[in-house]
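Novice: Got a predicted structure here, sequence first:
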Amino acid sequence: MTSADLPPWREWAVGTRVMVRRTLADDAHRYTDVLGEIVRTDASGLVLRTRTGDEVEVPGDEIAIGKPVPPPPARRRPRRSPDEPAPTDP
């Protein structure tokens, strides 16, 4: 099998952040998305680590579409409540 014959997800490197749309095992007409960093990729499918740290196995025959995505945006500082004093500069 040449690289032209491989599904695109087989070429994604471990550590790449991706979004994968997969068919639900019980209904081929319904989908769910998985967003995470690739932990493993092989002929059987992908294993993704989500932002919560869970590892989700996605069988290759359930992958409908997918693509690499940029890193998540930086977390914003929490807003302070109106009654909280403003921080002072040192």
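Specialist: Good, I have the coordinates. Numbering: from 1, shown residues only.

Novice: buried set for stretch 50-58?
Specialist: For stretch 50-58, a neighbour-count test (16 or more other Cβ atoms under 10 Å) marks residue 58 as buried. Every C-beta, even on glycine, is put in place using the N, C-alpha and C of the backbone.

Novice: Tell me what residue 36 is bridged to.
Specialist: On the basis of DSSP bridges, residue 36 is bridged to residue 18.

Novice: residues touching it, list them.
Specialist: 17, 18, 48, 49, 50, 51, 56 (Cβ atoms under 8 Å, 6 or more residues apart in numbering).

Novice: Number of residues surrounding the fourth one?
Specialist: To tie it back to what came earlier, the one meant is residue 49. 16 (other Cβ atoms under 10 Å).

Novice: Now render the contacts of residue 36 as JSON lines, adding secondary structure, distance to residue 34 and pLDDT.
Specialist: Listed next are those as JSON lines, based on DSSP: H, G, I helix; E, B strand; the rest coil; distance: Cβ to Cβ, whole Å; pLDDT from 0 to 100:
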{"residue": "17", "secondary structure": "strand", "distance to residue 34": "11", "pLDDT": "97"}
{"residue": "18", "secondary structure": "strand", "distance to residue 34": "8", "pLDDT": "97"}
{"residue": "48", "secondary structure": "strand", "distance to residue 34": "6", "pLDDT": "97"}
{"residue": "49", "secondary structure": "strand", "distance to residue 34": "10", "pLDDT": "97"}
{"residue": "50", "secondary structure": "coil", "distance to residue 34": "7", "pLDDT": "95"}
{"residue": "51", "secondary structure": "coil", "distance to residue 34": "11", "pLDDT": "92"}
{"residue": "56", "secondary structure": "strand", "distance to residue 34": "5", "pLDDT": "95"}
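
Novice: For residue 76, state which of these is nearest.
Specialist: Nearest to residue 76 among these, counting by Cβ to Cβ, is residue 51 at 15.3 Å.

Novice: My guess is the closest one contacts residue 73. True?
Specialist: No - applying Cβ atoms under 8 Å as the test, residue 51 and residue 73 come out as separate, 11.9 Å apart.

Novice: ok so, going back, may I see the contacts of residue 36 organised as JSON lines, with distance to residue 78 added?
Specialist: JSON lines is the format used below for those (distance: Cβ to Cβ, whole Å):
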{"residue": "17", "distance to residue 78": "24"}
{"residue": "18", "distance to residue 78": "29"}
{"residue": "48", "distance to residue 78": "28"}
{"residue": "49", "distance to residue 78": "25"}
{"residue": "50", "distance to residue 78": "22"}
{"residue": "51", "distance to residue 78": "18"}
{"residue": "56", "distance to residue 78": "28"}
